[in-house]
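Asks: Let me see the structure of the following:
(one chain, ligands or ions: 3)
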Amino acid sequence: MEQQLPAGRRPRLVSSLGLGQRCCEVTLDQERGLLAWRHPRRGGENYFVPTSEIIAVEETELNKKQRNTGKWQKLAKPHAFTVYYVKKARNHRWWCRDVTFWCVDENLCNQWTQALKELLEMQKCRPKQLLVYINPYGGKRQGKRIYEQKVAPLFSLASISTDVVITEHANHAKDNLFEVNINKYDGVVCVGGDGMFSEVMHGLIGRMQKDSGIDQNNPKAPLVQCNIRIGIIPAGSTDCVCYSTVGISDPVTSALHIIVGDSQPLDVSSVHHNNTFLKYSVSLLGYGFYGDILKDSEKKRWMGPMRYDYSGFKTFLSHHYYEGTISFQPAKHTLGSPRDKDSCRTGCYICKESEQQLAEQQKKCGLKHEEDEEEWKVIKGKFLAINAVNMSCACPRSPKGLSPAAHLADGSADLILVRKCSRFDFLRHLVRNTNQDDQFDFSFVDVYRVKSFQFTSKLSEDNGSNVTDIGKKRFGQFCRDHPACCCNIADSTWNCDGETLDSSAIEVRVHCQLMKLFARGIEENCKDEAAYSHSSIEHLL
Ligand SMILES: CCCCCCCCCCCCC/C=C/[C@@H](O)[C@H](COP(=O)(O)O)NC(=O)CCCCCCCCCCCCCCC
Ligand SMILES: Nc1ncnc2c1ncn2[C@@H]1O[C@H](COP(=O)(O)OP(=O)(O)O)[C@@H](O)[C@H]1O
Ligand SMILES: [Ca+2]
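Replies: Ligands and ions are numbered 1, 2, ... in the order given. Presented below is the predicted three-dimensional model:
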């Protein structure tokens, strides 16, 4: 049965269709893009699927068992179609579910599949052609299996074509991105951890700047935004970028976010030393504690993700602090603060505000970078850890992250300074990264929201930049005169999204929304979701 609406509006389809052995009323509101039905069993549970979350629609043959039971089928040969859709479960996990409807009228069945397929065609943000890089050695070395078993079948169900590259060495994906015909693709997918994501991001952003004639070595250069989205299939050790932008590290959930064509802009920090480009960072740029963990853990790659716990424990016991100077420009343009109670969620208004400011600025100055005379704040001290995070850095080890109120796309980073304190106090701070308590509520921890910062260690200030190497060679790593004092004659290393940097003196600038991911940020945990869909369906049916 079809109900016509006034001219210019898409009709609403309402039919009695078979579901299993019973009959149920199914509604497709093409205007609002909603498919709804009430399950004839399961206590009459209501289902409510936005067409933006339908994965595929297929004509299907009912199997023999389905055909031979039930009184409806005995009348004539039934015609059936299956709808594959996103089912949202707890903790931001998405599943692919399917439902098969049938009817005896072939025309009606065709009308339904046609209407659903047309609605899917209208989803212009969905990717059709993807370039996939798989790191077979990331995390627990399951990347290839995860992709083949969990992701590839979903992509093919959604009629997405893929070119798949299994990397053979580090930087394979990055170098390859400078050579491929990138315009052929609607997105790039990386299967691996944060390191693999970082590689793909460097390839894409680097390629973009090269094609636009922008010199990455110039720390003040206005960078060109990268509009080709990156999808992350988590198969690494920390998977912080995936967890912080989706809310869970789960390959199926991430694949579904790619299929429905989600888009989440992301801030990227550029890191320079003496007018030389070093790296980009999206998650953690950490000196001291996290730099030392990374350096130690690289030797223990064979341990897999456990290497971070092992090196974390070792680094915690060594309790080294580092002297240096941090200068930063506070991020005055953004509305939030690192001590806010609310965190960045899907459709975040603080990130939207920054997006608007960015658009206005680009309209005003084009690509030219606005000369920025804003004040610099300078802090000298002895630090156990200096962490600059562009996003919360939530991950399974720290579900709310190193800075729970950091925003994905507000053009700022949170700079967390943990000053020299006792082992016990440092442990209290660390533990709070893993529970609900406030990790900043200590006299030895300061946090600032910044748009750029610089760091120089005392060693490089005193002696010129290459003295650290000499120091390391002559004195070994630690102060020999005071073996128990934990002060360091050597510098620490910067941990840049899980890669070490060669220089300890760095200059960092946040580039607002430089790139985009196939994600939508973390969705508000909506306990009322079921109730909402219930009331909506009541209205619809
Ligand atoms: C007492 C336990 C305290 C635990 C504190 C846990 C805080 C975890 C915060 C993690 C922030 C992660 C930021 C993201 C970094 C990644 O980009 C990056 C690369 O990832 P990839 O290998 O997937 O490519 N990952 C990392 O640099 C790893 C960070 C290391 C996290 C492990 C920290 C474990 C600390 C254990 C301390 C033990 C103290 C024990 C005292 C009795
Ligand atoms: N085929 C390969 N062989 C060795 N290293 C690789 C390969 N492909 C990618 N890499 C590198 O491995 C590093 C870690 O990868 P990642 O996927 O992040 O795993 P993990 O999360 O376990 O660190 C990345 O820096 C990446 O450049
Ligand atoms: Ca940010």
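
Asks: C-alpha from now on. contacts and neighbour counts both.
Replies: Will do.

Asks: so how many other residues sit close to Val260?
Replies: 24 (other Cα atoms under 10 Å).

Asks: Which residue, neighbours along the chain excluded, lies closest to it?
Replies: Closest residue to Val260 apart from its sequence neighbours, by Cα to Cα, 6 or more residues apart in numbering: Arg126 at 5.6 Å.

Asks: Please name the residues that touch that neighbour.
Replies: Residues near Arg126 by Cα atoms under 8 Å, 6 or more residues apart in numbering: 258-262.

Asks: now swap in Lys184 and tell me
Replies: So Lys184 contacts Gln129 (Cα under 8 Å, 6+ apart).

Asks: Now do it against ligand 2, distance only.
Replies: Distance of Lys184 to ligand 2, given as Cα to the nearest ligand atom, to the nearest Å: 23 Å.

Asks: Also Ala490?
Replies: Using Cα to the nearest ligand atom, we find Ala490 at a distance of 25 Å from ligand 2.

Asks: cool, and Ile259?
Replies: Distance, Ile259 to ligand 2, by Cα to the nearest ligand atom: 22 Å.

Asks: which residue sits closest to that residue, ignoring its sequence neighbours?
Replies: Leaving aside its sequence neighbours, Ile259 sits nearest to Arg126 (Cα to Cα, 6+ apart; 6.2 Å).

Asks: ditto for His511
Replies: Nearest residue to His511, sequence neighbours excluded (Cα to Cα, 6+ apart): Val268, at 5.2 Å.

Asks: Same question for that neighbour, what's its three-state structure.
Replies: With DSSP: H, G, I helix; E, B strand; the rest coil as the basis, Val268 sits in strand.

Asks: That one: what's it in contact with?
Replies: Contact partners of Val268, counting by Cα under 8 Å, 6+ apart, are 280-282, 390, 510-515.

Asks: before we move on, the earlier item: would the residue nearest to Val260 count as being in a helix?
Replies: No - using three-state DSSP, the secondary structure at Arg126 is coil, not a helix.

Asks: Any figure for the gap between it and ligand 2?
Replies: Counting by Cα to the nearest ligand atom, the separation of Arg126 from ligand 2 is 25 Å.

Asks: Ok, Ser443 next?
Replies: According to Cα to the nearest ligand atom, Ser443 and ligand 2 sit 33 Å apart.

Asks: next one: Leu317
Replies: For Leu317, the distance to ligand 2 - Cα to the nearest ligand atom - is 23 Å.

Asks: Would you mind giving both backbone torsions of that residue?
Replies: Dihedral pair for Leu317: phi -70, psi -40, per degrees, to the nearest 10.

Asks: Now do the same contact list for it.
Replies: Contacts of Leu317 (Cα under 8 Å, 6+ apart): Arg423.

Asks: For it, give its distance to Ser311.
Replies: For Leu317, the distance to Ser311 equals 10 Å [Cα to Cα, to the nearest Å].

Asks: is it true that Pro11 touches Glu31?
Replies: Yes - here Pro11 reaches Glu31: they are 7.1 Å apart, a contact under Cα atoms under 8 Å.

Asks: Between the two, which is the more surrounded one?
Replies: Pro11 (17 against 12).

Asks: So for that one, what's the pLDDT?
Replies: According to the prediction, Pro11 has pLDDT 79.

Asks: Quick check: which ranges of the protein have low pLDDT?
Replies: Along the chain, the model assigns pLDDT under 70 to residues 1-10, 64-75, 366-372, 463-489, 526-541.

Asks: Ligand 1 contacts on that one?
Replies: 193-195, 236-240, 283-284, 290, 294, 308-309, 312-313, 316, 393, 397-398, 402, 430-431, 433, 497-498 (Cα under 6 Å from any ligand atom).

Asks: Quick one, which of those residues are buried?
Replies: Among those, those that count as buried by neighbour count (16 or more other Cα atoms under 10 Å) are 193-195, 236-240, 283-284, 290, 294, 308, 312, 316, 393, 398, 402, 433, 497-498.

Asks: ok, now which ones touch Val200?
Replies: Contacts of Val200 (Cα under 8 Å, 6+ apart): 173-174, 177, 188, 190.

Asks: now do Thr238
Replies: 193-194, 305, 395-397.

Asks: Gly261: which element?
Replies: For Gly261, there is no enclosing helix or strand under DSSP states H and E.

Asks: ok, which stretches of the stretch 201-350 of the chain are strands?
Replies: Per DSSP state E, counting those that start in this stretch, the stretch 201-350 of the chain carries strands over the ranges 229-234, 264-273, 276-281, 284-288, 322-330.

Asks: could those go into CSV alongside distance to Phe155?
Replies: As requested, the strands of the stretch 201-350 of the chain are exported to CSV (distance: least, Cα to Cα, whole Å):
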stretch, distance to Phe155
strand 229-234, 12
strand 264-273, 20
strand 276-281, 29
strand 284-288, 31
strand 322-330, 43
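
Asks: Show me which of those strands has the highest average neighbour count.
Replies: Mean neighbour count (mean count of other Cα atoms under 10 Å) peaks for strand 229-234 among the strands of the stretch 201-350 of the chain, with a mean of 30.

Asks: How about residues contacting that one?
Replies: Here strand 229-234 makes contact (Cα under 8 Å, 6+ apart) with 147, 186-193, 197, 201, 242, 249-251, 254-255, 258, 263, 515-519.

Asks: now stretch 448-455
Replies: 324-331, 337-338, 411-416, 504-510.

Asks: now swap in stretch 491-505 and tell me
Replies: Counting by Cα under 8 Å, 6+ apart, 194-195, 198, 273, 278-288, 290-292, 294-295, 322, 454-457, 459-460, 465, 468 sit against stretch 491-505.
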